[in-house]
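[1] What follows is a predicted protein model with its sequence.
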Amino acid sequence: MDTLKDIYYAEKQILKALPRMAKAAESEQLRAAFEKHHDETEGQIDRLEQIFDLMGKPARGKKCDAIEGILDEGKEIMEEYADTPALDPGLVSAAQAVEHYEIARYGTLKAWATKLNMKDAVKLIDQTLAEEKKTDEALSKLAISAINAEAA
């Protein structure tokens, strides 16, 4: 339950951060990626709320210092590298740190839900885990194909 509350809080904070990241991005492709993931994050929050319902518990977050730190680093990048070629690669790096955190959390939740034979929760977590992995891969491809080269 603590990990579920943790990732619920994290997703809510990420939902707030993504529009700021999209606004800061200089690359149209990166901006579009952030906007797409904002929409996906709304669906991920909805799936978490369904899992809380399956468990008969209210959907409540628990402050997560880890995601706060990761998001703070993203804010620093936006401030320190504004109007420089390093901004977009920095934003990709910050976004991937968020994705890796989420992938770790959802992977743990999936393992526990599987062990507890919570098949409906596993299906919901699997959907989110697939989205997070796809977002991470898309960010990597974007960085390799365009963002990093432009910054160099």
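    Received, thanks.
[2] pLDDT-wise, which helix or strand of this protein ranks last?
    Least confident helix or strand, the chain: helix 148-151 with a mean of 64, by mean pLDDT, DSSP states H and E.
[3] Quick one: mean pLDDT for the helix ranked longest in the chain?
    Longest helix of the chain, by residue count under DSSP state H: helix 87-115. The average pLDDT for helix 87-115 rounds to 96.
[4] and A97, how many neighbours?
    As a burial measure, A97 scores 16 neighbours (other C-beta atoms under 10 Å). Where C-beta positions appear, they are placed from N, C-alpha and C, glycine not excepted.
[5] what about the spatially closest residue to V92 that is not a sequence neighbour, neighbour count?
    Using C-beta to C-beta, 6 or more residues apart in numbering and skipping residues adjacent in sequence, the residue nearest V92 is A143, 4.7 Å away. Neighbour count of A143, defined by other C-beta under 10 Å: 20.
[6] show me where this structure has helices.
    Using DSSP H, the helices found in the chain span residues 2-24, 28-54, 65-80, 87-115, 119-142, 148-151.
[7] and these, which one is worst for confidence?
    Mean pLDDT is lowest for helix 148-151 among the helices of the chain, at a mean of 64.
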